[in-house]
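Trainee: structure of the sequence below:
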Amino acid sequence: MLTFIYPVLYMKYSQQEVVFVSGVIAAVAVIIESTRFYSPKIKGMTEKVFSAIGKAEEVYRISGITYMALGALFTVVFFRRVIAVPVLICAILGDAVSSLVANKWGGSFRIFRNKSLEGTLACFATCLVAGWLLLRTPLAAEGLDFNLVLAIALLTTLFDVIPIPMDDNISTPLGVGFFAQMLMR
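Mentor: Alright, predicted model coming up:
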């Protein structure tokens, strides 16, 4: 949920300012990530700090936090606010709610890639509600409409389900952003 800083900043500040802040955050994340693989001391510190929010397998690979920092940076670099904000919010909330619902109530029916129907529907519903709420912000004056909200919700849900070899913290906001940008033209 710390990643909400990106869409919140982008709602308030210019693209250049948000790119700068996102770049600094991504650079720090990459530096910490890189050094933890070579320094037992830094590895111990990062595990202690991030063990509550990280996944067990991230001890041996690049963390989702670093991927999200990079995904958010690329999203604010490549897309205008009207695309980047809803895409980032849907990527953050959709993934989180999907996972929570799947862990709590999922399992009765599995769909593609062993995803639960309950988690998938929760992702879509969450993205749709978040986008609907964004229609009451200045983004509506920049071109955000219900059709775009619906497309972003559907695309985010699709990207959550389909197997893409790249980490979803990068592939989802970039892929959804690309298709949403195409739909705006």
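Trainee: other SSEs contacting the helix of greatest length in the chain?
Mentor: Longest among the helix segments of the chain by residue count, using DSSP state H, is helix 81-105. Helix 81-105 sits against helix 5-12, helix 64-78, strand 115-116, helix 117-134, helix 146-161, helix 168-184, with contacts defined as 3 or more CB pairs under 8 Å, 6 or more residues apart in numbering; DSSP states H and E. The way it works is simple: take the backbone N, C-alpha and C, and place the C-beta from them, glycine included.
Trainee: tell me which element the nearest residue to residue 9 once chain neighbours are set aside falls in.
Mentor: Of all residues not flanking residue 9 in the chain, residue 18 sits nearest, at 4.9 Å (CB to CB, 6 or more residues apart in numbering). Using DSSP states H and E, the secondary-structure element containing residue 18 is helix 15-36.
Trainee: pLDDT wise, what is residue 57 at?
Mentor: At residue 57, the model reports a pLDDT of 56.
Trainee: and residue 70, how close does it get to residue 169?
Mentor: The gap separating residue 70 from residue 169 is 8 Å, by CB to CB, to the nearest Å.
Trainee: oops, could you answer that again for residue 99 instead?
Mentor: Distance, residue 99 to residue 169, by CB to CB: 13 Å.
Trainee: one more: residue 184?
Mentor: Separation of residue 184 from residue 169 (CB to CB): 23 Å.
Trainee: who's more crowded, these two?
Mentor: residue 169 (23 against 17; other CB atoms under 10 Å).
Trainee: isn't that one up against residue 91?
Mentor: Yes. Using CB atoms under 8 Å, residue 169 is in contact with residue 91, at 7.5 Å.
Trainee: for stretch 64-75, buried residues please.
Mentor: Residues of stretch 64-75 classed as buried: 64-75 (neighbour count, 16 or more other CB atoms under 10 Å).
Trainee: output that stretch as PDB, nothing but the C-alphas.
Mentor: Only the C-alpha atoms of stretch 64-75 are listed here, as PDB (Å, rounded to 0.1, in the frame of the first residue of the first chain):
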ATOM      1  CA  GLY A  64       8.100  -6.900  -5.500                       C
ATOM      2  CA  ILE A  65       8.900  -3.500  -3.900                       C
ATOM      3  CA  THR A  66      11.700  -2.900  -6.300                       C
ATOM      4  CA  TYR A  67       9.700  -4.100  -9.300                       C
ATOM      5  CA  MET A  68       6.800  -1.800  -8.200                       C
ATOM      6  CA  ALA A  69       9.200   1.200  -7.900                       C
ATOM      7  CA  LEU A  70      10.400   0.500 -11.400                       C
ATOM      8  CA  GLY A  71       6.900  -0.100 -12.800                       C
ATOM      9  CA  ALA A  72       5.600   3.100 -11.300                       C
ATOM     10  CA  LEU A  73       8.600   5.000 -12.600                       C
ATOM     11  CA  PHE A  74       8.100   3.700 -16.100                       C
ATOM     12  CA  THR A  75       4.400   4.300 -15.900                       C
END
